[in-house]
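[1] build me a model:
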Amino acid sequence: MLEPLHAGEELLGRHLLRIADWNREELAHTLDLAAELKELQRQREPHRLLEGRALGLVFDKPSTRTRISFEVGMGQLGGTALFLPADQLQLVRGESIRDTAASVSRYLDAIALRISSQEDLEEVARHASIPVLNALTDEAHPCQALADMLTLRERLGELSGRRVAWIGDGNNVCASFLEAATSFGLQVTVAAPPGYEPPAAALGSHGLVRDPREAVAGAEAVCTDVWTSMGFEQEQARRRLELADYRIDRELLGGAQPDAIVLHCLPAHIGEEITEEVLHGSQSAVWDQAENRLHVQKAVLALVVR
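    Numbers count the residues shown, from 1 in each chain. As a prediction, the model looks like this:
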């Protein structure tokens, strides 16, 4: 058991700032270890791989799944997680990111940040002597993408060559999903209106169309996220108008493969990007996807923490 832990020794001490920072083999080790840890947890078998280790969670955004999965996951690994609201750190009183990173590196064994600025996250990583993990920025959400890949692998099997549709905003979650899809050989078609395309670097050779019906045709999985991500609330009315044709409902899903699964990273805004009958329907893999945040983050922590 836990062979991927030994196979992934090159990840010790590494940061995870974007999916593209890790190669396909490293990402595959992570999924393999996540699957083993998931089974150990299902069997209630102890796997206290990080006994005595501490994880800091610096968040300046609301969180349900990210915070709970990191805190519970670290506990299951035998370590401690400390929730550190960004507005309660000395950063708000002018301490530099460099000084904060240097200080917390003396107390913690890893730090996960859920903050707006990718640039600030990368500055923390430059000055920290411990692994820095991206728990969400406005540009990337690698932990979510890993959970998505694990869910797809559980439901569809081998990932290479699978056809997936992404419907709606080409946001941070979409960008990380596309990076992971590239590594694992998935074929993704993004349907987004003008102005909502994913970054060109993340899109790469994947497809981009305007018609969501074209994107879902033949797809084995259909994915989406909220139309208005955190930090973009002032654009909510405009986004609802411009993304109104990019809702996953029963009719749109009917254009995909008959057994296609649906993914949504949550929270969902029912009636906007997805209907209730799809979110809670028989083709939804959303709750497995949410659970898998726990297992992939445990795998990441077990691989990077010394």
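
[2] so where's this structure shaky on pLDDT?
    1, 4, 7 (pLDDT under 70).

[3] residue boundaries of the strands in it?
    For the chain, applying DSSP state E gives strands covering 54-59, 80-85, 110-114, 132-134, 163-167, 187-191, 207-209, 221-224, 261-264.

[4] now the ones you listed in JSON lines, with distance to Leu146?
    For every residue, glycine as well, the C-beta is placed using N, CA and C. Below are the strands of the chain laid out as JSON lines (distance: least, C-beta to C-beta, whole Å):
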{"stretch": "strand 54-59", "distance to Leu146": "17"}
{"stretch": "strand 80-85", "distance to Leu146": "18"}
{"stretch": "strand 110-114", "distance to Leu146": "13"}
{"stretch": "strand 132-134", "distance to Leu146": "11"}
{"stretch": "strand 163-167", "distance to Leu146": "15"}
{"stretch": "strand 187-191", "distance to Leu146": "16"}
{"stretch": "strand 207-209", "distance to Leu146": "23"}
{"stretch": "strand 221-224", "distance to Leu146": "14"}
{"stretch": "strand 261-264", "distance to Leu146": "13"}
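
[5] mind listing what the closest residue in space to Lys38 that isn't next to it in sequence touches?
    Excluding the flanking residues, the one nearest Lys38 by C-beta to C-beta, 6 or more residues apart in numbering is His295, at 4.2 Å. Residues in contact with His295 (C-beta atoms under 8 Å, 6 or more residues apart in numbering) are 34-35, 37-38, 41, 73, 147, 150.

[6] cool, Thr189 as well?
    Residues near Thr189 by C-beta under 8 Å, 6+ apart: 163-166, 206-209, 214-215, 219.

[7] give me the buried subset of those.
    Among these, those classed as buried by 16 or more other C-beta atoms under 10 Å are 163-166, 206, 208, 215, 219.

[8] now those as TSV including distance to Pro194?
    Formatted as TSV, these follow (distance: C-beta to C-beta, whole Å):
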residue	distance to Pro194
Arg163	24
Val164	22
Ala165	18
Trp166	16
His206	17
Leu208	11
Ala215	15
Ala219	22
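
[9] what about the spatially closest residue to Glu139 that is not a sequence neighbour, distance to Asp21?
    Spatial nearest neighbour of Glu139, excluding adjacent residues (C-beta to C-beta, 6+ apart): Gln118 at 4.1 Å. Computed with C-beta to C-beta, to the nearest Å, the distance linking Gln118 and Asp21 is 12 Å.

[10] repeat for Glu276
    Using C-beta to C-beta, Glu276 is found at 37 Å from Asp21.

[11] which one of these two is surrounded by more residues?
    For Glu276 versus Asp21, the count of surrounding residues by other C-beta atoms under 10 Å is larger for Asp21: 16 against 11.

[12] surely the more buried one meets His15?
    Yes. In this structure, Asp21 is within contact of His15 by C-beta atoms under 8 Å, at 6.8 Å.

[13] what ranges do the helices span in the protein?
    Per DSSP state H, the chain carries helices over the ranges 3-7, 24-42, 65-76, 97-104, 118-127, 142-156, 172-184, 200-203, 212-216, 236-242, 250-253, 276-279, 286-304.

[14] which residues does the second one contact?
    Going back to what we said before, that points to helix 24-42. Identification of contacts with helix 24-42 by C-beta under 8 Å, 6+ apart yields 1-5, 7-8, 10-11, 19, 22, 46-47, 76, 146, 149-150, 153-154, 180, 183-184, 292, 295-296, 298-300, 302-303.

[15] could you rerun that using 7 Å?
    The contact list for helix 24-42, computed with C-beta atoms under 7 Å, 6 or more residues apart in numbering, reads 1-2, 4-5, 7-8, 11, 47, 76, 146, 149-150, 153, 180, 183-184, 295-296, 298-300, 302-303.

[16] what about Ala237, distance to Pro198?
    From Ala237 over to Pro198 (counting by C-beta to C-beta), the distance is 23 Å.
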